[in-house]
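Colleague: Compute the structure for the input listed below.
(one chain, ligands or ions: 1)
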Amino acid sequence: MPSLFPKDFLWGGAVAANQVEGAFNEGGKGLSTADVVKYCPPGERNSLEQLLSMSRAELYEAIADNGDGNYPKRRGIGFYHRYKEDIALFAEMGFKVFRLSISWPRIFPTGEETEPNEEGLRFYDEVFDELRKYNMEPLVTISHYEMPVHLVTKYNGWASRELVELFLRYADTVFTRYKDKVKYWLTFNEINCTLKAPFLGAGIIMDGVENEKQVAFQALHHQFVASALAVKRGREINPEFSIGCMLARKLLYPYSCRPEDVLQAQAENQMAQFCSDVQVRGYYPSYIQRHLKKHGVSIEMLPGDVEILQENLVDFLSFSYYMSSAVSTDNSITATTAGNLSTGLANPYLQTSDWGWQIDPIGLRVVLKEMHDRYQIPLFVVENGLGAADEVAEDGSIRDDYRIDYLAQHIAQMAEAIEDGVELMGYTSWGCIDLISASTSEMRKRYGYIYVDQDDEGGGTLARLRKKSFYWYKQVIATNGAELYNS
Ligand code: BG6
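Modeller: This next block holds a predicted model:
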């Protein structure tokens, strides 16, 4: 069958600095919000709970911890020292693009310096040069779930408007430095997660806060303004830049065809798209006003904010898609499913992953079509994948057929969506090399085509091994998505 993907489709994989680099105190890097999230054995307050609501006491305890606790994002998978080996493996698969993030505290250790850390800048210069060597486009997320921890202790993260200027200094620095090396940029990873997980998305401690929604929406507004101003600045620095926004897009189905359930699902899907409405269309959509009023939220805007949002729209819309779930107004329906930073009602028609996330490839097509209809701008799937507990067989092979199935089915639905008329720029599957889980801080939850020999406690040789999916994805890329099943 001929390929349905455009000739210049950007195939590749994605990671984030805080989940791979390690070297948390090398090269002049400051402590980040990811470095203070602890891995705790079952029964203790886990990483996800910390990310959803980090307390001030917990934060200070972690800052003071110089080595007793298990903070997996401090060690990552050693990418900082092994990036050449890793990029060579991506090249072997034929990646056209590699999505990575820059660690803000590697460039501005506390976030408040007036001059950037040259050693940090040099590291990314070398990474981008290495990618260029293999003709791989970098796709760079400027802020992926980390910031200098100092900005939390001093300003309570994005709750403060001060962050806008500090972020722009950082964005300006990396745009200027890499203007000839990077074309594709994303401002904030999963910006809508600021509402669900304020510490993870925005570095906010909610201790003592009366109306958490007020603080979260205000922080989000600061991020919208910062993102729009970064788009403006980026275009001034290099008009050829292509700058996108990034959403966590979990599809929500009505549990039944009861009109109440349909309405509820519509409202929750609107909330999932609220951020892209602002960043793609350039204004707060009218439906959000009722929600804000209901929760006693009033967003403080400075003169000029409305114009900033209006005049600096993104070039493309990128998003993560892992799963779907269902919603209902009927309280007697109680079977739930786990999910990406949130739970929902279980859909009886779907299977689940080892971590209880429901697998729904058709949902990806639904989302792609819906977003295309709504925005008419290019779309980019920058995260999608299956977290699973892979086993290395005695002969050293890793037969991850379940991952191949998951990915093949999702890619097949992307091809269908393209046939449906969706303009899709590319696909970077998540965690193309095993990395530390964002939510659970586990190593055991693996997404990669490349296995990394490390356990949850940090034991292991860090050796890289090609899984079965490695060879499969190589074939997918080589055939531009035409051969998905017969590897
Ligand atoms: C996305 C994040 O929410 O999901 C990634 O952008 C994250 O950073 C990915 O790793 C998968 O989630 P998890 O919790 O399985 O690592």
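Colleague: Residue 408 against residue 482, yeah?
Modeller: No: applying Cβ atoms under 8 Å as the test, residue 408 and residue 482 come out as separate, 11.9 Å apart. C-beta: built from backbone N, CA, C; applies to glycine.
Colleague: out of the two, which sits in the busier spot?
Modeller: The neighbour count for residue 408 versus residue 482, taken as other Cβ atoms under 10 Å, is higher for residue 408 (20 against 14).
Colleague: residues contacting that one?
Modeller: Counting by Cβ atoms under 8 Å, 6 or more residues apart in numbering, residue 408 touches 472, 476, 484, 485.
Colleague: tell me how far the longest helix seen in the chain is from the chain's mean position?
Modeller: The helix that spans the most residues within the chain, counting by DSSP state H, is helix 212-237. Helix 212-237 sits 17 Å away from the centroid of its parent chain (Cα atoms, centre = their mean, to the nearest Å).
Colleague: Ok, stretch 440-460 next?
Modeller: 18 Å.
Colleague: Also stretch 113-120?
Modeller: The chain centre lies 25 Å from the centre of stretch 113-120; the measure is Cα atoms, centre = their mean.
Colleague: Of all the residues in that stretch, which ones are buried?
Modeller: Within stretch 113-120, the residues scored as buried using 16 or more other Cβ atoms under 10 Å are 116, 117, 120.
Colleague: Look at the closest residue to the second one other than its chain neighbours and give its secondary structure.
Modeller: Spelled out, that is residue 117. Distance criterion Cβ to Cβ, 6 or more residues apart in numbering; nearest residue to residue 117, sequence neighbours excluded, is residue 28 at 4.4 Å. With DSSP: H, G, I helix; E, B strand; the rest coil as the basis, residue 28 sits in coil.
Colleague: Test my guess that residue 28 contacts residue 121.
Modeller: No: counting by Cβ under 8 Å, residue 28 does not reach residue 121; the two are 10.0 Å apart.
Colleague: Between those two, which is the more surrounded one?
Modeller: The neighbour comparison of residue 28 against residue 121 (other Cβ under 10 Å) goes to residue 121, with 18 against 15.
Colleague: shouldn't that one be in contact with residue 107?
Modeller: Yes: Residue 121 lies in contact with residue 107 (Cβ under 8 Å); the separation is 6.3 Å.
Colleague: Please enumerate the shared neighbours of those two.
Modeller: The contact sets of residue 121 and residue 107 overlap at 173, 174 (Cβ under 8 Å, 6+ apart).
Colleague: Go ahead and confirm residue 62 touches residue 36.
Modeller: Yes: in this structure, residue 62 is within contact of residue 36 by Cβ under 8 Å, at 3.6 Å.
Colleague: list residues touching both of the two?
Modeller: Shared contacts of residue 62 and residue 36, defined by Cβ under 8 Å, 6+ apart, comprise residue 71.
Colleague: Of the two, give the one with the bigger neighbour count.
Modeller: It is residue 36, of residue 62 and residue 36, that has more neighbours when counted by other Cβ under 10 Å, with 25 against 19.
Colleague: got the contact list for the more buried one?
Modeller: Residue 36 makes contacts with 54, 59, 62, 63, 71, 149, as judged by Cβ under 8 Å, 6+ apart.
Colleague: Same question for residue 323.
Modeller: With Cβ under 8 Å, 6+ apart, residue 323 has these contacts: 250, 251, 337, 339, 340, 353, 357, 358, 359, 360, 363.
Colleague: So for the fifth one, what pLDDT did the model give?
Modeller: Reading off the confidence values, residue 340 has pLDDT 78.
Colleague: mind checking the SS state of the nearest residue to it once chain neighbours are set aside?
Modeller: Using Cβ to Cβ, 6+ apart and skipping the chain neighbours, the partner closest in space to residue 340 is residue 322 (5.2 Å). Three-state assignment for residue 322 (three-state DSSP): coil.
Colleague: now the one 3 residues further on
Modeller: Counting by three-state DSSP, the backbone at residue 325 sits in strand.
Colleague: mind checking how far the spatially closest residue to residue 232 that is not a sequence neighbour is from residue 281?
Modeller: If the residues on either side of it in the chain are set aside, residue 232 comes closest to residue 312, at 4.5 Å by Cβ to Cβ, 6+ apart. Between residue 312 and residue 281 the computed distance is 12 Å (Cβ to Cβ, to the nearest Å).
Colleague: Are there residues contacting both of those two? Which ones?
Modeller: The contact sets of residue 312 and residue 281 do not overlap (Cβ under 8 Å, 6+ apart).
Colleague: In the chain, which residue is most central in space?
Modeller: With distances taken as Cα atoms, centre = their mean, the chain has residue 189 as the residue nearest its mean C-alpha position (4.5 Å).
Colleague: For the residue nearest to it when sequence neighbours are not counted, which residues are in contact?
Modeller: Of all residues beyond its chain neighbours, the one nearest residue 189 is residue 144 (4.0 Å), with distances taken as Cβ to Cβ, 6+ apart. If you count contacts by Cβ under 8 Å, 6+ apart, residue 144 has them with 16, 17, 18, 101, 189.
Colleague: switch to 6 Å and redo it
Modeller: Going by Cβ atoms under 6 Å, 6 or more residues apart in numbering, residue 144 touches 16, 101, 189.
Colleague: The ligand versus the residue nearest to residue 461 when sequence neighbours are not counted, what's the distance?
Modeller: Taking Cβ to Cβ, 6+ apart, and ignoring the residues beside it in sequence, residue 461 has residue 453 as its nearest neighbour in space, at 4.8 Å. Here the criterion is Cβ to the nearest ligand atom, to the nearest Å. By it, residue 453 lies 19 Å from the ligand.
Colleague: Let me know the next secondary structure element after the helix or strand of the chain with the lowest mean pLDDT.
Modeller: Sorting the helices and strands of the chain by mean pLDDT, DSSP states H and E puts strand 336-337 at the bottom, at a mean of 86. Helices and strands here follow DSSP states H and E; after strand 336-337, the next one along the chain is strand 344-345.
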